[in-house]
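Chemist: coords please:
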Amino acid sequence: MSDMFTIQAVARNDGGKGASRRLRREGLVPGIIYGGGKDPEMIATAHNKLLQHLEHEAFYSSIVEVEASGKKQRVVLKDLQRHPAKPFILHFDLQRVAATDRIKMNVPLHFIGEDDAPGIKAGGTISHALVDLEIICEAQNLPEFIEVDVSGMEVGDMLHLTDIKLPQGVEIVALTHGNEHEHDELVVSMQAKTKAAEEEEAPGEAAAEEAPSSEED
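Modeler: Okay, here's the model as predicted:
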């Protein structure tokens with residue numbers, strides 16, 4: 001997105017579970033900033049504001065600006081701890097980044113062209129084996145998402161990691177481990193409609209055919 005996300009935060013000096021519980025009662029979420037060759041910094045931010053950011057898919061894979069103690073830092077979200085049963089954020093971790101730092105991040109996959117795919121028009125279905133992708137790149141080249149064009153897929157076709165067109169300067173982590181073919185995971189496939197799906201549709205079609213006519217003899 002064109003506008004950078006900004007987290008307004010306050011510095012905190014007290015750690016531990018007791019201090020964290022006190023912050024949460026005040027509507028704040030404890031967090032930490034680390035990396036960049038500097039000491040870690042403990043911070044806290046408003047819970048409702050953080051939740052608003054988390055509603056945006058791009059927040060998870062974007063450079064974020066943190067304002068705390070009168071200074072601004074650029075970071076990426078590296079970890080998020082949620083309450084197991086309630087819609088609360090318990091803690092968040094941020095990593096400092098400079099433009100030329102090489103970072104690993106998970107970014108979402110956006111599948112485009114499904115409606116135009118010959119396989120869909122022939123009655124096939126798309127099956128997504130992956131919904132996100134771990135990549136490595138300089139922070140300044142970090143994409144919010146990666147598009148996967150499926151508009152040319154026929155029934156029986158498959159796309160693997162090596163078929164994905166990547167933005168400049170971006171690499172797929174799985175393909176940096178040596179032999180590409182050994183790590184070339186399936187991303188998406190076009191499958192024929194299953195027999196079970198056809199049978200689910202059949203009762204509805206049969207009922208329509210057997211419905212009595214409203215016309216009188």
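
Chemist: So residue 182 lies in a strand, does it not?
Modeler: No. Counting by DSSP: H, G, I helix; E, B strand; the rest coil, residue 182 is located in no strand; its state is helix.

Chemist: so how far is residue 160 from it?
Modeler: For residue 182, the distance to residue 160 under the criterion C-beta to C-beta, to the nearest Å works out to 12 Å. Where C-beta positions appear, they are placed from N, C-alpha and C, glycine not excepted.

Chemist: Could you tell me how many residues sit around residue 70?
Modeler: 6 (other C-beta atoms under 10 Å).

Chemist: What ranges does the chain have for its helices?
Modeler: Assignment of helices within the chain using DSSP state H yields the ranges 17-25, 47-54, 118-121, 195-210.

Chemist: Show me where the chain has its strands.
Modeler: The residue ranges that make up the strands of the chain, judged by DSSP state E, are 5-11, 28-35, 38-46, 64-68, 71-82, 89-96, 102-112, 125-128, 132-138, 146-149, 158-160, 171-172, 186-191.

Chemist: which one of residue 182 and residue 160 has more residues nearby?
Modeler: Applying other C-beta under 10 Å to residue 182 and residue 160 shows that residue 160 carries more neighbours, namely 18 against 9.

Chemist: confidence score at that one?
Modeler: Residue 160 is assigned a predicted lDDT (pLDDT) of 97.

Chemist: what about the residue found closest to it once you drop the neighbours it is linked to in the chain, distance to residue 49?
Modeler: Distances taken as C-beta to C-beta, 6 or more residues apart in numbering place residue 184 nearest to residue 160, at 4.6 Å, with adjacent residues excluded. Distance of residue 184 to residue 49, computed by C-beta to C-beta: 41 Å.

Chemist: ok, how many other residues are close to residue 82?
Modeler: For residue 82, the neighbour count with other C-beta under 10 Å is 13.

Chemist: Same check on residue 54?
Modeler: 15.

Chemist: and what of residue 62?
Modeler: For residue 62, which is what you asked about, the neighbour count (other C-beta under 10 Å) is 21.

Chemist: Pull the contacting residues for it.
Modeler: For residue 62, the residues meeting the contact criterion (C-beta atoms under 8 Å, 6 or more residues apart in numbering) are 1, 4-5, 76, 142, 144.

Chemist: so what's the backbone phi/psi at it?
Modeler: When quoted as degrees, to the nearest 10, the phi and psi of residue 62 stand at phi -130, psi 160.

Chemist: Look at it and report its pLDDT.
Modeler: Model confidence at residue 62, expressed as pLDDT, equals 94.

Chemist: go on, residue 173?
Modeler: 96.

Chemist: Ok, residue 184 next?
Modeler: Confidence score, pLDDT, at residue 184: 95.

Chemist: Near it, how many other residues are there?
Modeler: 15.

Chemist: Kindly provide the distance from it to residue 152.
Modeler: Using C-beta to C-beta, we find residue 184 at a distance of 19 Å from residue 152.

Chemist: if we can go back for a sec, out of the contacts of residue 62, flag the one nearest to residue 37.
Modeler: Minimum separation from residue 37 among those (C-beta to C-beta) is found for residue 76, which lies at 15.8 Å.
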